[in-house]
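Q: Structure, please.
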Amino acid sequence: MSTTRLTPRIAVWVASFALLAGCAGGETPNATNGGDSSGEDAGMTKVGSPDGQAGAGSRPALRVEVGLTPAGPVYALEAPVKLNAQVFDRAGESVSDASVNWSVSPSDAASQFSSDPPRYRLQQEGEITFEACASFDDSDHEYCNERSVIVDNNPPDIELNKPEIGVMLDGSNTDVIVVEGKVTDSHGTPRVYVDGTRRELDDEGRFQAEVEPHFGVNRIEVTANDGLHEEPSRAIREVIWAPHYGSLQVDADDKTIGAAFGKGLALDLGQHFFDDGEAPKSETMNGETASITEDLADILLLLLE
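A: Predicted coordinates:
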C-alpha cells in the first residue's frame, strides 16, 4: 500500500496540474478543491493523491484532519486523550466510508484503552506524535496526517550546589556569595533566574552567579521555568554573612563555652527576665494605681490587656 504525505505547496502544484489536464481534455474543471488552509490547525497538513487516483469511486480523499480532546499546549503524565480523524474528498466534503488506522511515535509513549472512539493514555514525557492514515477497501493508497503533543509533568528541576546549607561566610573569605547549580527538564528550553536576574545555562544546564551579601541572613531564591507551566520551580538557600566573626572560647574538652570580644557590653539574661512566675503587683502612686513587674511576660500581658 502506498502512502501520500505532501506539503501544501506540492498539493497546490498537483491541483494545478490536474486543472490543466482537465482543460486540455475539454472538460470543465472543478473550481472547488478544498485547498484553502485558512483557519486550520497549524499542525495540520493537507494530503493529496499525486496521480489523481480515486480512493472510493470518483471521490478521492485529499485531506485528513487530526483532532485531539482535550486540546491544550501541554499534557500531564497518565492524562487520557481522545483522538478523531476527518477525511475529505476533492470537493472538501466529508468522506464517511474510509477506514482510519492510528499509530503512535514513540510506540511506547501512549497506550490505547479504547478503540471507538480511539482513546490513549500518555505514558512518556516529551513529544508524542499520533498519525491517522485513511484508506478505502478498493484502493491500495493511504492518505495520512499527524498531530504532535507535548507531555511535561513538572517544571524544571533545580539542583543547588552552592552556597552549602547552613554555611556561615565572612568578609575575610569572600566579598560575594557564589551561587552554583544545575537545571534539568524533560522537554523545552528552561530559563533560570537568581534573585530575579536571568542567568545563562551551559550545554549541561549548569549556571553560576555572584550575589552581593549584606550583614546577617541572606535569602537567595533560584527559579526556573520552561514556558509550559504557570508556576516555576523554586530553590531557596539562606546564608549567614558578616564582615568577621569573634573567636570562640573552648574548655579543656574542646567544648565551646563562649565568644571573645574586645570592648563591649554583655547581657546575662536568665529565666526570671522572661518570666519570674509571679503576677504583676499593684501599687498606688500619686493617687493612681500602677502595675509593677520585673519580667517580660508580664509586660506583654499588660500591653495586651
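
Q: Now the phi/psi pair for L301, please.
A: Torsion angles at L301 (phi, psi; degrees, to the nearest 10) stand at phi -60, psi -40.

Q: actually F274, not the one I typed
A: Note on F274: backbone dihedrals following degrees, to the nearest 10 are phi -90, psi -40.

Q: Provide a list of residues in contact with the closest residue to it other than its chain neighbours.
A: Nearest residue to F274 in three dimensions, chain neighbours excluded: L296, at 5.1 Å (C-beta to C-beta, 6 or more residues apart in numbering). Placement of C-beta: from N, CA and C, glycine included. Counting by C-beta atoms under 8 Å, 6 or more residues apart in numbering, L296 touches F273, F274, D275.

Q: What pLDDT is listed against D108?
A: pLDDT, D108: 90.

Q: surely it meets Q124?
A: Yes. Using C-beta atoms under 8 Å, D108 makes contact with Q124 at a distance of 6.8 Å.

Q: So if I had to pick from those two, which one is more boxed in?
A: Ranked by neighbour count (other C-beta atoms under 10 Å), D108 and Q124 place Q124 first, with 15 against 9.

Q: I'd guessed that one sits against A109; true?
A: Yes. Between Q124 and A109 there is a contact under C-beta under 8 Å: 4.0 Å.

Q: Quick check: neighbours shared by the two?
A: Each of V151 lies in contact with both Q124 and A109 under the rule C-beta under 8 Å, 6+ apart.

Q: in the sheet, who's paired with T197?
A: On the basis of DSSP bridges, T197 takes part in beta bridges with V194.

Q: From what I see, it and A209 are in contact.
A: Yes. If you go by C-beta under 8 Å, T197 and A209 touch, sitting 7.3 Å apart.

Q: Between the two, tell me which one has more neighbours.
A: Comparing T197 with A209 by other C-beta under 10 Å, the one with more neighbours is A209, at 21 against 9.

Q: Please read off the pLDDT at the more buried one from the model.
A: Note for A209: predicted pLDDT of 91.

Q: okay, the helix or strand harbouring it in PDB with CA atoms only?
A: Taking DSSP states H and E as the criterion, A209 maps to strand 206-211. Extracted as PDB, the C-alpha positions of strand 206-211 are listed here (Å, rounded to 0.1, in the frame of the first residue of the first chain):
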ATOM      1  CA  ARG A 206      24.700  24.500  34.700                       C
ATOM      2  CA  PHE A 207      24.600  28.100  35.900                       C
ATOM      3  CA  GLN A 208      26.700  30.400  38.100                       C
ATOM      4  CA  ALA A 209      26.000  33.800  39.700                       C
ATOM      5  CA  GLU A 210      27.600  36.100  42.300                       C
ATOM      6  CA  VAL A 211      25.300  37.800  44.800                       C
END
